Each structure stands twice: as C-alpha cells, then as structure tokens.
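Need a 3D model of the following:
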Amino acid sequence: MQNDSYNRGGYLAFLFSMIFSLAFFVYISVVHPGINLKEVPEALPAAEQTQAQGGAPQVKEADMAKVEKPWVEAAEVAAHGARIFANNCAVCHGPKGLGDGPAGLSLNPRPRNFVEGKWKVGGDSIALFGTVQNGIPGTSMASFGHLPTADRWSLVQFVRSITQNKIKDDPAKLDAFGKTAK
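All right, here's what the predicted structure looks like:
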C-alpha cells in the first residue's frame with residue numbers, strides 16, 4: 001500500500017476553507033444582528049453640510065427652466081453649472097478645473113486648466129459657449145452640444161467663476177448672441 005501524502009496539504013486547505021465558509025455563512029445568517037437603518041442619520045442639505053464642516057454656505061442652484069437669460073452672470077446659475085461640470089467635465093478637467101482629472105492625465109494635449117485660464121479659443125462668454133457647443137477640433141475636447149442650451153450657459157458661468165483670467169464681455173454683443181444661441 002502506498003502512502004498518498006502528496007495531496008494531503010491541498011485536501012486540508014480545501015476542508016478548512018469549506019468549514020470556514022459554512023461557519024461564516026451561519027454567523028451572517030443566524031448570529032449577526034444586521035444593520036439597523038434607523039441608526040443612519042438623514043443627510044443634511046448641502047449648505048448645512050458645508051457650514052457644519054466650517055465652510056461658507058453654498059449658493060442655491062437656479063431652476064434653469066425659470067432663468068430667462070442664462071448668459072447673464074448670476075451665482076445661482078454658476079452653482080447649477082458646478083453640478084453640470086462635476087457630472088460631465090471633471091473626469092478630464094478635474095474636480096476643481098485644474099486640468100488634472102483622471103481621464104485627462106492620459107490625453108495629449110492635456111485638458112485646459114480653467115483656474116489658470118490660458119484660453120486657446122478665447123475666454124469671453126461667447127468663446128467659452130462655442131467651445132462647449134462645438135468642442136475644439138484636433139484636440140480631445142469633445143462637443144457638449146447635446147446638453148440643453150441653459151446648461152451650456154451655466155457651464156460657461158461656472159468656468160468664468162473659477163478662472164483667474166476673466167476676459168471682459170461686451171454686454172450688448174453677449175445679449176444679442178445669447179438670444180440666438182441654441
């Protein structure tokens with residue numbers, strides 16, 4: 001009779017893992033009390049969270065359906081733009097608009113640093129709207145023309161709110177362009 005000790009280690013590891021798995025299953029199913037959902041505190045509104053963390057209160061977002069002229073500078077419209085930016089632009093441009101988003105690190109050329117504001121196509125509101133609308137050919141800046149017009153204007157306002165290189169707008173030209181932009 002041969003001594004079959006060759007696979008004894010594997011057999012013991014298998015038995016141990018099966019016994020451990022069954023014991024863990026019994027513990028989770030029978031012994032563990034679970035999670036009491038009543039212990040989870042309700043989320044604070046964003047403004048209260050910011051104040052609780054010691055920051056300045058946040059501006060309430062505008063209801064873009066009620067904004068007649070989204071190209072006119074307003075903190076509420078820029079706040080809406082911040083949310084649109086976080087959902088659509090931050091992956092390349094970074095959460096603070098520094099051009100350091102996770103997807104942007106592999107792009108050549110790198111995404112624009114909005115805070116620095118070295119504009120390729122122009123930094124006034126009309127030029128920024130055109131960039132959001134059409135993208136920049138020959139770069140990885142894609143068109144976001146699929147977004148509603150008011151959301152594109154709110155993105156422009158957000159970018160202008162964070163840049164250090166704010167190019168002055170011609171109010172009459174901006175108003176005329178804003179009324180025709182689709």
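
how about the helices in this protein?
Here the chain has its helices, by DSSP state H, at 8-26, 46-52, 75-88, 90-93, 125-134, 149-162, 171-180.

least trustworthy helix or strand in the chain by mean pLDDT?
Among the helices and strands of the chain, helix 46-52 carries the lowest confidence by mean pLDDT, DSSP states H and E, at a mean of 47.

Show me the shaky parts of the chain.
Along the chain, the parts satisfying pLDDT under 70 run over 1-5, 37-58.

again, only using 50
Within the chain, the segments meeting pLDDT under 50 span 46-56.

Run a quick neighbour tally on residue 175.
Neighbour count of residue 175, defined by other Cβ atoms under 10 Å: 13. Where C-beta positions appear, they are placed from N, C-alpha and C, glycine not excepted.

just residue 122 next, same as before
12.

Ranking the helices of the chain by mean neighbour count, which comes first?
helix 149-162 (a mean of 23; mean count of other Cβ atoms under 10 Å).

contacts for that helix?
62, 64-65, 67, 70-71, 73-75, 77-82, 84-85, 88-89, 96-97, 114-115, 125, 128-129, 132-133, 144-145, 147, 166, 178, 181-182 (Cβ atoms under 8 Å, 6 or more residues apart in numbering).

run the last query once more with 6 Å
Under the contact criterion Cβ atoms under 6 Å, 6 or more residues apart in numbering, helix 149-162 has outside partners 64, 70-71, 77-78, 80-82, 84-85, 97, 114-115, 125, 128-129, 132, 166, 182.

and the helices of the chain as a markdown table, adding distance to residue 32?
Below are the helices of the chain laid out as a markdown table (distance: least, Cβ to Cβ, whole Å):
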| stretch | distance to residue 32 |
| --- | --- |
| helix 8-26 | 10 |
| helix 46-52 | 31 |
| helix 75-88 | 37 |
| helix 90-93 | 38 |
| helix 125-134 | 51 |
| helix 149-162 | 46 |
| helix 171-180 | 59 |
